[in-house]
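>>> Sharing a model prediction with you, sequence too.
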Amino acid sequence: MMMDTAPFMWEGNTYVPLRFLAEGIGANVTWDQASQTAWVKAGTVTLTFWVGKNVMEINGKQKEIGAPVILKDGRTQVPLRFITELLGWDVKWNEADGSIALTKSMEKNKRNGYGYSHASIRR
C-alpha cells in the first residue's frame, strides 16, 4: 500500500489520516462531527479517538497515545507508530529516503510457512 496522502511531522511524531490508514488495513471508520469522535472497527476490536486528546479507548478501555489526535486539512490525524503497533504492525523508519515500512506477520500458512503483509509510506 502506498499512501497518496503524505504523512507529516508534528512535535516529533509522524501523523497520518486515521481513515486512510484504517481503511488501508481493512478496518471501518465512522466519524461524529459534533463530538469530534472517530471509531475504528477492525474485526472484534473497536478503537475510539477524540480530537485534542492524547488518550483513546480499545473496546472501552482507555489507553495513552502519547500525543494528541489532531485535525488537519479536515482530517483526523493520529500518530502513526502508536496506531500501527496497536493494530499489530511493525514500523521501520528509513532515514536515508524518508520512507516508513509497515509489516505484519500473518498466521502460519500450511503451504508456504509464514506470510507477511507489507505497506510503504513516503513523507
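Received the coordinates, thanks.

>>> And the residue nearest the centre of this structure?
Among the residues of the chain, the one closest to the centroid is residue 83, at 3.8 Å (CA atoms, centre = their mean).

>>> That one contacts residue 19, doesn't it?
No - look at residue 83 against residue 19 with CB atoms under 8 Å: they stay out of range, at 11.6 Å. C-beta coordinates here come from the backbone N, C-alpha and C atoms, glycine included.

>>> Can you find the helix or strand of this protein with the lowest average pLDDT?
One helix or strand of the chain scores below all others by mean pLDDT, DSSP states H and E: strand 116-122, with a mean of 51.

>>> Heading C-terminal from the strand or helix carrying residue 91, find the next helix or strand.
Assigned by DSSP states H and E, residue 91 belongs to strand 90-94. Going down the chain from strand 90-94, the next helix or strand is strand 99-105, by DSSP H and E.

>>> List the buried residues in that following strand.
Within strand 99-105, the residues scored as buried using 16 or more other CB atoms under 10 Å are 100, 102.

>>> likewise stretch 80-91?
Within stretch 80-91, the residues scored as buried using 16+ other CB under 10 Å are 80-84, 86-87, 89, 91.

>>> Take the residues you listed and keep only those in strands.
Counting by DSSP state E, the buried residues of stretch 80-91 place residue 91 in strands.

>>> So which of the buried residues of stretch 80-91 belong to helices?
Cross-referencing these against helices under DSSP state H gives 80-84, 86.

>>> which one of those residues sits closest to residue 36?
The shortest approach to residue 36 among those belongs to residue 83, at 17.3 Å (CB to CB).

>>> What sits closest to residue 64 if chain neighbours are left out?
Once flanking residues are discounted, residue 64 sits nearest to residue 55: 5.7 Å by CB to CB, 6 or more residues apart in numbering.
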